[in-house]
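*Asks:* Pasting the sequence and the predicted model now:
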Amino acid sequence: MAVDMNMPILIIDDYKTMLRIIRNLLKQLGFDNVDEAADGSAALLKMRTRQYGLVISDWNMEPMTGYQLLQEVRADESLKATPFIMITAESKTDNVIAAKKAGVNNYIVKPFNAATLKTKMSAVLGDF
């Protein structure tokens with residue numbers, strides 16, 4: 001099944017520079033339909049009003065972390081099937097295991113480039 005290059009993608013990070021970097025990487029990969037949120041609670045509000053083909057979320061944010069957002073999304077009947085990729089600066093095994101148990105589809109450790117992002121997205125969505 002081909003990946004819809006126009007599907008809406010939600011990126012979540014409390015650091016504006018990181019949002020810009022991820023948006024630019026997605027653009028390089030051909031994805032232009034990108035929304036952003038500064039934390040998990042803002043992201044959850046957006047997810048309840050619009051259906052996203054993919055969520056890419058940072059782990060460490062206040063007041064709601066990416067991990068808490070993932071738990072909320074997986075517990076919500078209407079959102080739980082949304083593909084979810086977690087980004088973190090820490091490659092702690094405990095975090096990876098916790099995210100996997102909570103239902104994350106994939107995991108990216110910062111720093112990363114377009115090739116890494118494409119590989120991780122392809123593993124979740126299929127080749128594009």
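*Replies:* Received the coordinates, thanks. Residues are numbered from 1 along each chain as shown.
*Asks:* what pLDDT does the residue most central in space within the chain get?
*Replies:* Central residue of the chain (Cα atoms, centre = their mean): I56, 1.1 Å from the mean position. Predicted confidence (pLDDT) for I56: 98.
*Asks:* for this protein, what spans make up the strands?
*Replies:* Shown for the chain, the strands assigned by DSSP state E span residues 9-12, 34-37, 54-58, 84-88, 106-109.
*Asks:* now the helix or strand bottoming out on mean pLDDT in the chain, how far from the chain's geometric center?
*Replies:* Within the chain, no helix or strand scores below helix 93-102, which has a mean of 92 by mean pLDDT, DSSP states H and E. Distance of helix 93-102 from the chain centroid (Cα atoms, centre = their mean, to the nearest Å) equals 15 Å.
*Asks:* how about low-confidence regions in the protein?
*Replies:* For the chain, applying pLDDT under 70 flags the ranges 1.
*Asks:* Could you pull out the helices in it for me?
*Replies:* Remark: helices assigned in the chain by DSSP state H are 16-28, 40-49, 66-75, 93-102, 114-125.
*Asks:* Mind listing what's buried along the last one?
*Replies:* What it means is helix 114-125. 117-118, 120-121, 125 (16 or more other Cβ atoms under 10 Å). For glycine as for every other residue, the C-beta is placed from the backbone atoms N, C-alpha and C.
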